[in-house]
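Asks: sequence and predicted structure are below.
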Amino acid sequence: MSANPFLDSTLVHGDLYQGAARLTDRTHALHQAKISGSNVADAIADLLASRIRSGAVVLDIGCGRGTTTLRLANRLRPGQLVAVDASAALLDTTRSRLGDAGARGVMVCADFHRLPLPDNVADAAVAAFCLYHSPTPAAVVAEIARCLRPGGVVVLVTKSLDSYVELDRLVHTAGLDPGATNRPSLYESFHSGNLHTVAASSLTVLDVQHEDHVFGFADATHLARYLTTTPKYRITLTGGIPALAAALRQQ
């Protein structure tokens, strides 16, 4: 097993994304904690809005639960929207969310290292918060570039290498996981510090934007809800969220 669960293919293609529940709980807890920072799906749509033609083909690589997919559908009204993810369960969630909003898209279940798409098929692509699941993100970028038409544009989104380092320290100091501060960042393979280098291996980089996003958890229960969705930590408490919240309060 890899020291980094985000680079463990067995976990990525298994427990981490076999269903949508963990990612849904994680996203909801984090969104409720957000204090500042733009809405990422809106920012992606804004970046693409002035760069694609009417009737464009747009790819959402590693679409997850479809939050960005839905925003692209509503904002850009592309001629064809293709959502790609290795998790059939997450694609089902994306399909349902698009359908509930009256939007349409093509769902493709595939590994982003080997996209089952022809060359030069897309006008634009998005890969948001997913490339850090690859030990070779430059290979994924090359595969995305292969699928782009000449003049096509890609938006890549990731986090900083030290994202949530404060939580690592808290979990360590509280004695919940003494090894929390020694394990590699979940984002070690693709982060804000190496994004330009990785992207430039196959693409012409037009712009790099950095933005601070700040989060504050309301109380111990809110924090416990988030920590239980984080695969980095090895917390052995029994009793679920109430027990974890109680341990956090004690410390």
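Replies: Right, received. Where do you want to start?

Asks: drop to CA atoms for contacts and neighbour counts, all remaining ones
Replies: Fine.

Asks: list the contacts for the spatially most central residue of the chain?
Replies: The centroid of the chain falls nearest to F129 when counting by C-alpha atoms, centre = their mean (2.6 Å). Residues near F129 by C-alpha atoms under 8 Å, 6 or more residues apart in numbering: 62, 157-159.

Asks: most neighbours among those residues, which one is it?
Replies: Most neighbours among these, by other C-alpha atoms under 10 Å: G62, with 26 neighbours.

Asks: okay, and the beta partners of the closest residue to that one other than its chain neighbours?
Replies: Nearest non-adjacent residue to G62, counting by C-alpha to C-alpha, 6 or more residues apart in numbering: D85, 4.6 Å away. Per DSSP bridges, the residues bridged to D85 are C109.

Asks: report pLDDT for D85.
Replies: Note on D85: pLDDT of 98.

Asks: for A29, same thing?
Replies: The score at A29 is 97. That number is its pLDDT.

Asks: what's the answer for M1, then?
Replies: M1 is given a pLDDT of 48.

Asks: what sits against G62?
Replies: 83-86, 112, 127-130.

Asks: if we go to 6 Å?
Replies: 84-85, 130 (C-alpha atoms under 6 Å, 6 or more residues apart in numbering).

Asks: top of those by number of neighbours, please.
Replies: V84 (28 neighbours).

Asks: that one contacts V108, correct?
Replies: Yes - between V84 and V108 there is a contact under C-alpha atoms under 6 Å: 4.8 Å.

Asks: any idea which helix or strand comes after the helix or strand containing L48?
Replies: Using DSSP states H and E, L48 sits in helix 40-49. Using DSSP H and E, the helix or strand that directly follows helix 40-49 along the chain is strand 57-61.

Asks: and that following strand, how far out from the chain middle?
Replies: 15 Å (C-alpha atoms, centre = their mean, to the nearest Å).

Asks: likewise for stretch 100-117?
Replies: 15 Å.

Asks: same deal with stretch 27-43?
Replies: 12 Å.

Asks: and the strands in the stretch 51-200 of the chain?
Replies: 57-61, 80-85, 106-109, 122-128, 148-157 (DSSP state E, counting those that start in this stretch).

Asks: just put those strands in CSV and tack on distance to A43.
Replies: Below are the strands of the stretch 51-200 of the chain laid out as CSV (distance: least, C-alpha to C-alpha, whole Å):
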stretch, distance to A43
strand 57-61, 14
strand 80-85, 18
strand 106-109, 23
strand 122-128, 11
strand 148-157, 10
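
Asks: and stretch 86-100, what's buried?
Replies: Within stretch 86-100, the residues scored as buried using 16 or more other C-alpha atoms under 10 Å are 86-98.

Asks: ugh, typo on my part, it should be stretch 53-72
Replies: So for stretch 53-72, counting by 16+ other C-alpha under 10 Å, buried means 56-72.

Asks: can I get the CA coordinates of it in CSV?
Replies: Extracted C-alpha coordinates of stretch 53-72, given in CSV (Å, rounded to 0.1, in the frame of the first residue of the first chain):
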residue,chain,number,x,y,z
ARG,A,53,-17.0,28.8,-29.7
SER,A,54,-20.7,28.1,-29.9
GLY,A,55,-21.4,24.3,-30.1
ALA,A,56,-18.0,23.4,-28.6
VAL,A,57,-17.1,20.0,-27.3
VAL,A,58,-16.1,20.2,-23.7
LEU,A,59,-14.5,17.4,-21.5
ASP,A,60,-14.7,17.3,-17.7
ILE,A,61,-12.0,14.9,-16.7
GLY,A,62,-12.3,13.4,-13.3
CYS,A,63,-15.7,14.9,-13.0
GLY,A,64,-16.4,13.4,-9.5
ARG,A,65,-19.9,14.2,-8.3
GLY,A,66,-20.5,16.5,-11.3
THR,A,67,-20.4,19.9,-9.6
THR,A,68,-18.2,21.5,-12.2
THR,A,69,-19.9,19.5,-15.0
LEU,A,70,-23.3,21.0,-14.1
ARG,A,71,-21.8,24.5,-14.0
LEU,A,72,-20.3,24.0,-17.4
